[in-house]
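Chemist: Structure of the sequence below:
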Amino acid sequence: MFKAILFDLDGTLLKIDMNEFLQYYFRTMAEMAAQSGYKKHRELVEQVFKSTGVMIANRDPLATNEDVFMNDFFSFWPHPRADFEPFFDHFYREGFPRLRSLCQPVAGVPELMQALAQKKVKIAVATNAVFPLTALEQRIAWAGLNPAAFHLITSFEVMHFCKPHLEYYQEICDKLQVQPEDCLMVGNDIGEDMVAQKLGMKTYLVEDHLIDPGGTGLKPDWRGMMRDFLPFAARFCLEAG
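Modeler: Down below sits the predicted model:
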């Protein structure tokens, strides 16, 4: 039935409380910056947050999300990019793995992905493209999945748009070489994930860790807990693959 299935990551394939996760994410970053001798470690967190907002709002098709973030960040950060950028590498290599205890796999998901891998369907991790690939590959592994099994992981290095912009979903289609109407978007955020239906995609709302900002007017084609999606996939995705 579908040529491509797009899965949100956090709260869909991976059990995670993003509010708690981000709290520890920024705390760890600030602590490591202080340990590395950067006195403005609190300002670092504030600027990362602000530059992430600029990145999310960007709609320039010629600039990757990474470029937008880095250009904005180093426009305000007092340390030169060549001197400070290695700190980000150090953080994702040494600090980010400490957050693993905040995440748990979702029962049945690894088996589902193994089954889908045997079918003629393209699978993408369609998480908001605000993190570098290493941060996404680590979280995918924490979900009990193999990052190499996916046709696309929407990291900030390769994407030019973020959710909830429709350009984000169109770019995924372009990279996978499929039409929106041949895609299923699976996610837990009504505002950021179900908006894909405006491009013509079918949508499945995962309600385990539901995020509903209200007022969107969006109604998913299907909805249910992740345990409900597993038989759904067997019927609509696996049999048709």
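
Chemist: Give me the nearest residue to T64, chain neighbours excluded.
Modeler: H160 (5.7 Å; C-beta to C-beta, 6 or more residues apart in numbering). Every C-beta, even on glycine, is put in place using the N, C-alpha and C of the backbone.

Chemist: quick check, the one you found in a strand?
Modeler: No. Under DSSP: H, G, I helix; E, B strand; the rest coil, H160 sits outside any strand and is assigned coil.

Chemist: got a pLDDT number for the residue positioned nearest the centre of the chain?
Modeler: Residue closest to the mean C-alpha point of the chain, counted by C-alpha atoms, centre = their mean, is T127 at 2.0 Å. Per-residue confidence for T127 comes out at a pLDDT of 98.

Chemist: how about low-confidence regions in the protein?
Modeler: 238-241 (pLDDT under 70).

Chemist: Recalculate using a threshold of 80.
Modeler: Low-confidence segments of the chain (pLDDT under 80): 1, 236-241.

Chemist: Break it down into its structural domains.
Modeler: 4-16+104-238, 19-100 (automatic domain parsing).

Chemist: of all those, which gets the most neighbours per residue?
Modeler: domain 4-16+104-238 (a mean of 19; mean count of other C-beta atoms under 10 Å).

Chemist: so how far is that domain from its chain's centroid?
Modeler: Here the centre of domain 4-16+104-238 is set off from its chain's centre by 8 Å, with C-alpha atoms, centre = their mean, to the nearest Å.
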